[in-house]
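> Give me the fold of what follows.
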Amino acid sequence: MKEGNLPRDSKCCVCKKTCYSNECLAGMRCEWCGATAHAVCYRQMPSECDYGALAKIMLPPNCLTIPRTELPMEQLLNISSPGGSSDPAYAHPLSSPCKTTADDVIGEREREKEDKEKEDMEILRIYDGNNSLRNQVYRTAAVPKMASTSQIRDIALRRFHIQGPPDNYYVTQVLNDAGEEENLEDPVPLRNVKRPAGARAQIFLRHRDDPERAVVKAYGGWLRVPMTFCSMTVDKDTLVQDCIADALDNFGLDRTAWNRYNMVEVSLEKGLAERTCNHHENMLQLVRNLRKDSLRRYHVMRFYVQEKEDPHDHAVFVGNLPVSLAQRQYERILLKQLGAIEKPFTAIGPIYFEYGSLVITFNTAKAATAAVQKLQNATYEEKKLIVLCLPNVQPAMLPPDCEPLLVLVNVKSGGCQGSELMKAFRKLLNPFQVFDVLKGGPLVGLYVFRNIPKYRILACGGDGTIGWVLQCLDIAKQDAACFSPPCGIVPLGTGNDLARVLRWGGGYTGEENPHDILKDVIEADEVRLDRWAVVFHEEERSQPPVTTTSGAEGGNVEAGTMSNPEDQTSMIIMNNYFGIGIDADVCLKFHNKRDANPEKFSSRLFNKTQYVKIGLQKAFFERTCKDLWKRIELEVDGKLVELPNIEGIIVLNLLSWGSGANPWGTAKEEPPFNKPTHYDGLLEVVGITDVSRLGLIQSKLAAGIRIAQGGSIKITTHEEWPVQVDGEPHVQSPGTITILKSALRVSLIFDL
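Residues are numbered from 1 along each chain as shown. Next up is the predicted model:
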């Protein structure tokens, strides 16, 4: 908990009354879960954060093990800003004292020359320990000249954000730079305080130590134990090894195996610093020295018990390799990049052949670190490899009601709104459950969560990003403990049709509170989504004979090249809709323009104006899809359907198309058609007469022509046509296009 001014509408989680700054001068706020409380009420809250309203979707830190490598924390999972510096999501201003800069000293001297102090107040320099005095790291506080020692002590505790019983602390005056001190005495302690020439009076904030014993908390950290920490009483004879044995006993482990463990002192004062304690150190003296050096640092320090040998394998994700190679070929590429003759890794796999990505596993931290350092700057076929060192999740450590949320963010979606969202989610959740899909794709997060039996996914991006996540889920779920995790959506794209149907909105504006989005994910219901396989089969082309060979009887036999039917067939999974003709033509032109100048297409408004511009060009100058109804054949559920005079066909799985338009019209049941939904196992076929009708549909002023409704669609073409699947267009060669119900299933989160 930290004291400060609270924003509007803040409510005390204890008394449920308002506690923002207009109501009270200052309040307390948990820097992890954001819970707020009055300065009086917060003492009734538990000392350990329970993650508040986000507890159900939080990945608890004790369930996660970070690889013990020499790599900096910013390099794990590639958590860094585009400029190469550490992610601003981690660059919180330090709440602990930091070293005073020259500018601070000059500014203070100038302020000292100005007599702005009130007659009844005095400015004190407060040090929280000997180390702070040596480094001149202090806090200043305005104290009434008639204040008692208890009032000065309470002010000092607030300045350093130190909590706990105030009676455990006292203040002394600093006599010289060597650190000599003497107690302040009531009734007017500041009357006799020594003041160096031209400087403030200086005082120490000290802890009132018990000469015989102290209470120490030991945290399990990476140990697979059901409790976060245990408290132990240490005395003059307690060594570190005794403390380890007692902690193991409290954790339910074998205390006689203490020599296989270390006590690690972890400080969070400035970044992350570790020190392994000597087994023969005196624990009571160690605690006293830490308190005497810096009380603030002691309060942001923890003792962890961990195994000397890292029991976990070290997984390294490697991406941007060529697609669809054999495992031996991938191994040769890696060995060449690592400069090794024999394999330094213990295992390779899973291999995601469709994306040219794989995971390699090492049994030592040293080998994993060496591999990451060699591969992170390597290139293959002029592509820089994506290399990530992955954490391990221990499913057995998850609370029974925990359903962690895997957050996948496309940082380039929505005019870089994804980058801001990712920073916010990494502050609210465990940073290692939030992934940037542009650094390794959704497969990275899905691999990390592969052993969790029940979790949810929040995909942040446009319809293309959502389709990408679902496609990767189809690949990864074969080896996952959770076969079909439900997916929620934060819409960051231009169309966002799937998000609209599921009531997640037409687009993230930046004004929504990320904390509220996460609470909506917790409260939302699940719904099924039909998925469809779009199979493209090109018609066979007759090829001329190319060689002449001798037959068995000496005659000449003409040999022609045989075409492999598999080479002429491709398949795409459809979630939203399929289009052929005028709408796909407009979509194709737009994508070509965006690919040529991607930096210009960063806002939804600009994207939509480009759609309008292309549509006008098609209406007046390019009618390439004229007479489409005469040039293709349509079959629905095996029956040939007569087409009206149209220039395009849209096959709908959702009643949202082109940024919220509904070409089908009303969603009511109107014979001979059933009421359409995205989970009824039926597709709706709509005809578009021309580009002007397309514009009216997108403006929500009209609907298309209802043609049919069925569970299987077949379109036969004899020439090239522009087609699009879920907004991804291409030019399709002559042949057949078949849309069938896919066996791949997915659950989505429906916002209430």
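> what about Pro722, neighbour count?
Using other C-beta atoms under 10 Å, Pro722 has 22 other residues around it. C-beta: built from backbone N, CA, C; applies to glycine.
> Which other helices and strands does the host helix or strand of it contact?
Assigned by DSSP states H and E, Pro722 belongs to strand 721-725. Helices and strands touching strand 721-725, by 3 or more C-beta pairs under 8 Å, 6 or more residues apart in numbering; DSSP states H and E, are strand 577-581, helix 582-596, strand 728-732.
> and after the last one, which helix or strand comes next?
For strand 728-732, the succeeding helix or strand toward the C-terminus, using DSSP H and E, is strand 735-741.
> Buried by neighbour count: which residues of that following strand qualify?
By 16 or more other C-beta atoms under 10 Å, the buried positions in strand 735-741 come out as Gly735, Thr736, Ile737, Thr738, Ile739.
> could you point out which element follows it?
Criterion used, DSSP H and E; the element after strand 735-741 is strand 746-750.
> Which elements pack onto that next one?
strand 487-491, strand 525-529.
> possible to save those as JSON lines with mean neighbour count, mean pLDDT and distance to Val393?
Listed next are those as JSON lines, based on neighbours: other C-beta atoms under 10 Å; pLDDT from 0 to 100; distance: least, C-beta to C-beta, whole Å:
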{"stretch": "strand 487-491", "mean neighbour count": "27", "mean pLDDT": "90", "distance to Val393": "19"}
{"stretch": "strand 525-529", "mean neighbour count": "15", "mean pLDDT": "88", "distance to Val393": "23"}
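> Turn the ones you listed into CSV, columns for distance to Thr172.
As requested, these are exported to CSV (distance: least, C-beta to C-beta, whole Å):
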stretch, distance to Thr172
strand 487-491, 54
strand 525-529, 61
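> wait, which of those is closest to Leu588?
Closest to Leu588 of the helices and strands packed on strand 746-750, according to C-beta to C-beta: strand 487-491, at 23.0 Å.
> roughly how far is the closest one from the heart of the chain?
13 Å (C-alpha atoms, centre = their mean, to the nearest Å).
> what's next to that strand, contact-wise?
With C-beta atoms under 8 Å, 6 or more residues apart in numbering as the test, strand 487-491 has contacts from 421, 456-462, 466, 469-470, 473, 496, 498-500, 502, 504-508, 517, 520-521, 524, 746-749, 751.
> got the angle for that strand vs strand 525-529?
90 degrees (axes from the mean of the first three to the mean of the last three C-alpha atoms, to 10 degrees).
> what angle separates strand 487-491 from strand 746-750?
Using the same axes, to 10 degrees: strand 487-491 against strand 746-750 is 60 degrees.
> Could you number the chain from 12 rather than 1 from now on?
Sure, I'll start numbering at 12, so the last one becomes strand 498-502.
> which strand residues sit across from the closest residue to Ser495 other than its chain neighbours in the sheet?
Nearest residue to Ser495, sequence neighbours excluded (C-beta to C-beta, 6 or more residues apart in numbering): Ser758, at 5.4 Å. Assessed by DSSP bridges, Ser758 has beta-bridge partners Arg539.
> do the same with Met39
Beta bridges link Met39 to Glu14, Ala48, judged by DSSP bridges.
> can you pull the contacts of it?
Taking C-beta under 8 Å, 6+ apart, one finds Met12, Lys13, Glu14, Thr47, Ala48, His49, Ala50, Tyr53 in contact with Met39.
> where does the protein have its least confident helix or strand?
strand 567-570 (a mean of 40; mean pLDDT, DSSP states H and E).
> For Pro655, see how far away the residue nearest to Ser495 is.
37 Å (C-beta to C-beta, to the nearest Å).
> of these two, who's got more company?
Ser758 (15 against 9).
> thinking again about what came up before, please type out the ChimeraX selection for whichever of the contacts of strand 498-502 turn out to be buried.
ChimeraX command restricting those to the buried ones, with burial defined by 16+ other C-beta under 10 Å:
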select :432,467,468,469,470,471,472,473,477,480,481,484,507,509,510,511,513,515,516,517,518,519,528,531,532,535,757,759,760,762
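> Give me the subset of the contacts of strand 498-502 that lies in helices.
Among the contacts of strand 498-502, DSSP state H puts Leu432, Ile477, Val480, Leu481, Leu484, Leu509, Ala510, Arg511, Ile528, Asp531, Val532 in helices.
> number of nearby residues for Gln338?
Applying other C-beta under 10 Å, we find 12 residues neighbouring Gln338.
> Nearest residue to it in space, please, no chain neighbours.
Gln338 sits nearest to Ile362 (C-beta to C-beta, 6+ apart), 6.1 Å away.
> The one you found belongs to a strand?
Yes: assessed by DSSP: H, G, I helix; E, B strand; the rest coil, Ile362 belongs to a strand.
> Closest to the mean position in this protein, which residue would that be?
With distances taken as C-alpha atoms, centre = their mean, the residue of the chain nearest its centroid is Val445 (1.4 Å).
> Tell me who's in contact with it.
Contacts of Val445 by C-beta under 8 Å, 6+ apart are Val418, Val420, Met433, Phe436, Arg437.
> Now do the SS call for the last one.
Meaning Arg437. Arg437 - assigned by three-state DSSP - is helix.
> Tell me the helices and strands packed up against the helix or strand where Cys254 lies.
Element membership for Cys254 (DSSP H and E) is helix 251-261. Helix 251-261 is packed against strand 224-230, strand 240-246, strand 272-278, helix 294-304, strand 312-318, with contacts defined by 3+ C-beta pairs under 8 Å, 6+ apart.
> got the angle for the longest one vs strand 240-246?
Note on geometry: by the same axes, to 10 degrees, helix 294-304 and strand 240-246 are set 100 degrees apart in direction.
> which strands and helices sit next to helix 294-304?
Short answer (3+ C-beta pairs under 8 Å, 6+ apart): helix 294-304 packs on helix 141-145, strand 212-218, strand 224-230, strand 240-246, helix 251-261, helix 306-310.
> now the fifth one and strand 312-318, what's the angle there?
Looking back up the chat, that one is helix 251-261. Using the same axes, to 10 degrees, helix 251-261 lies at 80 degrees relative to strand 312-318.
> Which residues does helix 251-261 contact?
227, 229, 238, 241, 243, 245, 265-270, 272-274, 288-292, 294, 297, 314, 316.
> Mind giving me the ChimeraX command for buried ones among these?
The ChimeraX command for the buried members of those (criterion: 16+ other C-beta under 10 Å) is given here:
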select :227,229,241,243,245,269,272,273,274,288,290,292,294,297,314,316
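> about what we covered before: with mean pLDDT and distance to Arg605 added, can I get the helices and strands packed on helix 251-261 in TSV?
Conversion of the helices and strands packed on helix 251-261 to TSV gives the following (pLDDT from 0 to 100; distance: least, C-beta to C-beta, whole Å):
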stretch	mean pLDDT	distance to Arg605
strand 224-230	91	50
strand 240-246	91	53
strand 272-278	88	48
helix 294-304	92	58
strand 312-318	88	50
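> which stretch among those comes nearest Val383?
Checking the helices and strands packed on helix 251-261 against Val383 by C-beta to C-beta gives strand 312-318 as the closest, at 21.6 Å.
> any idea how far that closest one is from the chain center?
Counting by C-alpha atoms, centre = their mean, strand 312-318 comes out at 27 Å from the chain centroid.
> Between strand 224-230 and it, find me the angle.
Going by the same axes, to 10 degrees, strand 312-318 makes 60 degrees with strand 224-230.
> Need the pLDDT of Asp648.
What the model reports for Asp648 is a pLDDT of 92.
> Now the nearest residue to it once chain neighbours are set aside: phi and psi?
Spatially, and ignoring its direct neighbours in sequence, Asp648 is nearest to Gly721 (4.1 Å; C-beta to C-beta, 6+ apart). Phi and psi for Gly721, reported as degrees, to the nearest 10, are phi -170, psi 180.
> OK, contacts around Gly721?
Contacts for Gly721 were tallied using C-beta under 8 Å, 6+ apart; they are Val647, Asp648, Leu693, Leu694, Val696.
> and with 10 Å instead?
Neighbour list for Gly721: 646-650, 652, 662, 692-696, 750 [criterion: C-beta atoms under 10 Å, 6 or more residues apart in numbering].
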